[in-house]
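*Asks:* Build the 3D model from these lines:
(one chain, ligands or ions: 1)
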Amino acid sequence: MIRPIPYVNEEVANRDFKYYIFDWDDNILHMPTKIRLEHRETADAPWRPVEVSTSTFALVRADTAHYRAPAQGGWEEAFRCFADPARDGEPNHFIDDTRAALARVAAGIEKPSPSYNTFKKTLVEGRIFAIVTARGHAPATIEKAVRLFIAEALTPLERELMMSNLRGYRRWLDKVETFGTDDEELDYYLGMCRYSAVTYDGFKARMANDPIYREKLAVATTAARPELAKEFAIRDFVEHVFHTLQRTGGLDRSVAIGFSDDDKGNVRSVSNYIRAELSRRFDGIKFVVYDTSDRTLTKGRKVCVSGQMNLPGF
Ligand SMILES: [Mg+2]
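*Replies:* Numbering: from 1, shown residues only. This next block holds a predicted model:
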């Protein structure tokens with residue numbers, strides 16, 4: 001006989017703390033959003049406009065001899081479809097492309113991206129996560145896409161499990177006895193997560209106001225800036241997790257934070273950052289980095305493990 005799903009899953013109190021930071025494009029979903037670049041075949045050939053996918057961009061972005069941002073409009077023009085529309089009421093590419101990408105996976109046209117199932121599991125288990133992307137959307141836009149993911153990628157049973165786990169955490173950590181509606185509990189959970197699109201103006205302003213990163217930015221090359229921004233978003237999330245654990249008294253058990261990205265440059269810089277700074281500052285936390293650039297590998301390749309604890313299943 002199948003055990004019914006309890007209204008409140010008390011079992012969550014026996015779990016270790018695992019958190020995840022996900023890149024979105026080609027890590028969770030293969031989005032159809034295109035980057036507008038200029039390309040030339042040879043050094044003396046003329047530059048011609050070309051639209052490339054994000055996975056192609058990850059491969060060619062360092063090839064400045066053959067690819068560049070449009071002469072008119074620069075990088076802002078290149079990533080126009082990666083930001084929210086300038087005016088309300090205009091279509092939002094991120095939401096539309098997420099819907100399209102989810103439909104392709106559901107129809108079996110597209111294989112799930114390497115972290116698709118880990119993201120799904122994270123949601124079903126009700127674990128706190130962060131989305132860290134080079135895109136330029138407002139946090140509310142990304143949260144909306146996550147809601148779309150919950151509605152489309154999870155089965156009704158998985159959504160029921162998620163709610164049971166969310167109530168379990170609320171009772172265990174927040175000592176809640178009277179629960180809100182499912183919508184209210186979901187709002188609370190998604191409000192605990194972080195949505196950082198590092199080219200969003202609000203994010204850039206926050207980074208520029210940070211004394212450490214203002215200095216780091218001042219000396220960084222243009223190419224190093226997106227990686228630095230991802231670093232800032234990761235530090236932000238790790239601090240958020242740390243403070244949440246401090247508040248709820250959860251620092252007495254194993255804590256692990258996973259990071260996954262399909263861009264090798266990001267994987268390298270984040271691994272270095274974890275080794276050089278984060279693992280020293282948060283020495284009770286285990287960090288695990290996954291390189292998901294090889295789409296034939298489910299879950300990607302574990303490239304960096306830092307911290308003393310050794311958790312099974314991570
Ligand atoms: Mg990516």
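*Asks:* Which residue ranges of this protein form helices?
*Replies:* 54-60, 74-78, 93-106, 116-125, 139-153, 156-174, 182-192, 201-208, 211-219, 225-248, 264-273, 279-281 (DSSP state H).
*Asks:* Out of these, the one nearest the ion is which?
*Replies:* helix 54-60 (5.9 Å; CB to the ion). (C-beta placed from N, C-alpha, C; glycine too.)
*Asks:* Residue of the stretch 201-314 of the chain nearest the ion, please.
*Replies:* Nearest residue of the stretch 201-314 of the chain to the ion (CB to the ion) works out as residue 262 at 4.4 Å.
*Asks:* Output the helices of the chain in a markdown table, with distance to the ion and mean pLDDT appended to each entry.
*Replies:* What follows is the helices of the chain, written out as a markdown table (distance: least, CB to the ion, whole Å; pLDDT from 0 to 100):
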| stretch | distance to the ion | mean pLDDT |
| --- | --- | --- |
| helix 54-60 | 6 | 86 |
| helix 74-78 | 16 | 90 |
| helix 93-106 | 13 | 97 |
| helix 116-125 | 13 | 97 |
| helix 139-153 | 14 | 98 |
| helix 156-174 | 25 | 96 |
| helix 182-192 | 21 | 97 |
| helix 201-208 | 17 | 94 |
| helix 211-219 | 22 | 91 |
| helix 225-248 | 10 | 91 |
| helix 264-273 | 8 | 91 |
| helix 279-281 | 24 | 90 |
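*Asks:* and the nearest residue to residue 229 once chain neighbours are set aside, what does it touch?
*Replies:* Distance criterion CB to CB, 6 or more residues apart in numbering; nearest residue to residue 229, sequence neighbours excluded, is residue 198 at 3.6 Å. Going by CB atoms under 8 Å, 6 or more residues apart in numbering, residue 198 touches 132-135, 204, 207, 226, 229-230, 232-233.
*Asks:* same question, residue 19
*Replies:* When contacts are counted by CB under 8 Å, 6+ apart, residue 19 touches 127-130, 237, 241, 255-258.
*Asks:* And for residue 125?
*Replies:* Shown in contact with residue 125 (CB under 8 Å, 6+ apart): 15, 162, 165.
*Asks:* Which of those residues are buried? Put it as a ChimeraX command.
*Replies:* Entered in ChimeraX, the line below selects the buried ones among the contacts of residue 125, by 16 or more other CB atoms under 10 Å:
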select :15,162,165
